[in-house]
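Chemist: starting from these lines, generate the structure:
(chains A, B and C)
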Amino acid sequence: MQLLAIFHQLYDRHGPQHWWPAETPFEVMVGAMLTQNTAWRNVEIAIANLKAVGRLELESILAMPIEALAQAIRPAGYFNVKAKRLQHLCQFLQQHPELDQLDSDQLRRQLLSIHGIGPETADDILLYAFNRPVFVIDAYTRRLFSRLGLVEADIGYESMREEFERVLDADPRLFNEYHALIVIHAKEICRPRPMCGACPLVQMCSYAVTT
DNA sequence: ACCCAGGGTCATA
DNA sequence: TATGACCATGGG
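Modeler: Residues are numbered from 1 along each chain as shown, chains lettered A, B, ... in the order given. Take a look at the predicted model:
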C-alpha cells in the first residue's frame, strides 16, 4: 500500500487542514462525541450554543441540568443520548486526572470504557486531544481506500487501523493531517455517489472502481 | 420524498 | 459474531 504517496497527493490537492477545529482539548472531546453520525455543520451550532449558555468547560457541563444540556446540543441530533454521553465523559475526566500520564494503549482502553465512546471517537480523542500517533478510521477512510481497491469494503475497524499504523511512521502530525485530508477529500470529491466527470484525482474519486 | 452526515449501544439469534 | 432497531437534527 502506497499510503505515503496518497497522502502527498491529497496534501498537494487540498493543502493543510489545521485540525481539530477547537480551542481546547476538552472542546475536541465534546466535538468528537457530538459529531457521531452527524454533520459537522450541526455540531458547530451545538458547540456555539454551549459556549453561549455556560462556557465550554467540564464543570459547567456537569452542573447543567440534563434537559438544558440536551436543549443546547439539540442541533447536533440524538440530543438526549448525547447529553448523557457528555456527562459520562465529564464525570470520567473529573475522576481520572492525569490521563496524559498513560501510554496510548492504556489511554485507549480507558476511553473505550466510557459509555458512549467507541473506537472512532476514542481515536479522535487520542489523536486530536492527546496528540498520540493513532490513525483514525471512519466511513470516509473506508470508502476512499476500498474504492481505490486497497482494502476490502467490509474491513473491520481494528484491522484497518493496525494496517495503517504498521505501514506509516508513528507521527501524530502525519496522522493528524492525513485523516483531515481524507475527510475533506471525501466530502468534496470521493462522494457516496458519482459526481461530475472532471476530477483532478481521477483514480481517487472514480465511482467505477468499486461498483 | 428520499439520502446523507467526521457512531455507538442494546437486544436478539 | 453478526445483523437490526434505535437514537434525531439539518442540508442537498
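Chemist: where does the most centrally placed residue in chain A land in three-state SS?
Modeler: With distances taken as C-alpha atoms, centre = their mean, the residue of chain A nearest its centroid is A:Asp124 (4.4 Å). At A:Asp124, secondary structure determined by DSSP: H, G, I helix; E, B strand; the rest coil is helix.
Chemist: for it, give me its contacts.
Modeler: Shown in contact with A:Asp124 (C-beta atoms under 8 Å, 6 or more residues apart in numbering): A:Trp20, A:Val28, A:Ala32, A:Val136. Using the backbone N, CA and C atoms, a C-beta is placed for each residue, glycine as well.
Chemist: so which of those is the closest to A:Gln87?
Modeler: A:Ala32 (15.2 Å; C-beta to C-beta).
Chemist: tally of neighbours for the closest one?
Modeler: 26 (other C-beta atoms under 10 Å).
Chemist: nearest residue to it in space, please, no chain neighbours.
Modeler: Leaving aside its chain neighbours, A:Ala32 sits nearest to A:Asp124 (4.0 Å; criterion: C-beta to C-beta, 6 or more residues apart in numbering).
Chemist: tell me how far that neighbour lies from A:Ala68.
Modeler: For A:Asp124, the distance to A:Ala68 equals 26 Å [C-beta to C-beta, to the nearest Å].
Chemist: can you tell me how far the residue in chain A positioned nearest to DNA strand B sits from A:Ile137?
Modeler: Closest to DNA strand B within chain A is A:Gly118: 2.5 Å, counting by C-beta to the nearest atom of the strand. Using C-beta to C-beta, one gets 11 Å for the distance from A:Gly118 to A:Ile137.
Chemist: pick out whichever of these two has more residues nearby.
Modeler: For the pair A:Gly118 and A:Ile137, the greater number of neighbours falls to A:Ile137 (25 against 12), based on other C-beta under 10 Å.
Chemist: and the residue of chain A closest to DNA strand B, what does it touch?
Modeler: A:Leu112.
Chemist: next, give phi and psi for it.
Modeler: phi -100, psi -170 (degrees, to the nearest 10).
Chemist: distance of it relative to A:Leu112?
Modeler: A:Gly118 is 7 Å from A:Leu112, by C-beta to C-beta.
Chemist: okay, now the domains of chain A?
Modeler: Using automatic domain parsing, the domains assigned to chain A come out as A:3-17+A:135-209, A:25-128.
Chemist: return the residues of chain A in contact with DNA strand B.
Modeler: Neighbours of DNA strand B within chain A, by C-beta under 7 Å from any atom of the strand: A:19-21, A:31-32, A:35-42, A:77-78, A:81, A:115-122, A:124, A:128, A:138-140, A:183, A:186-187, A:191-193.
Chemist: let's go with 6 Å and repeat that
Modeler: Within chain A, the positions lying close to DNA strand B (C-beta under 6 Å from any atom of the strand) are A:20-21, A:35-40, A:77-78, A:115-121, A:124, A:138-139, A:183, A:187, A:192.
Chemist: could you pick out which of those residues are near DNA strand C?
Modeler: Counting by C-beta under 6 Å from any atom of the strand, A:Asn37, A:Thr38, A:Ala39, A:Gly77, A:Tyr78 from the residues of chain A next to DNA strand B sit close to DNA strand C.
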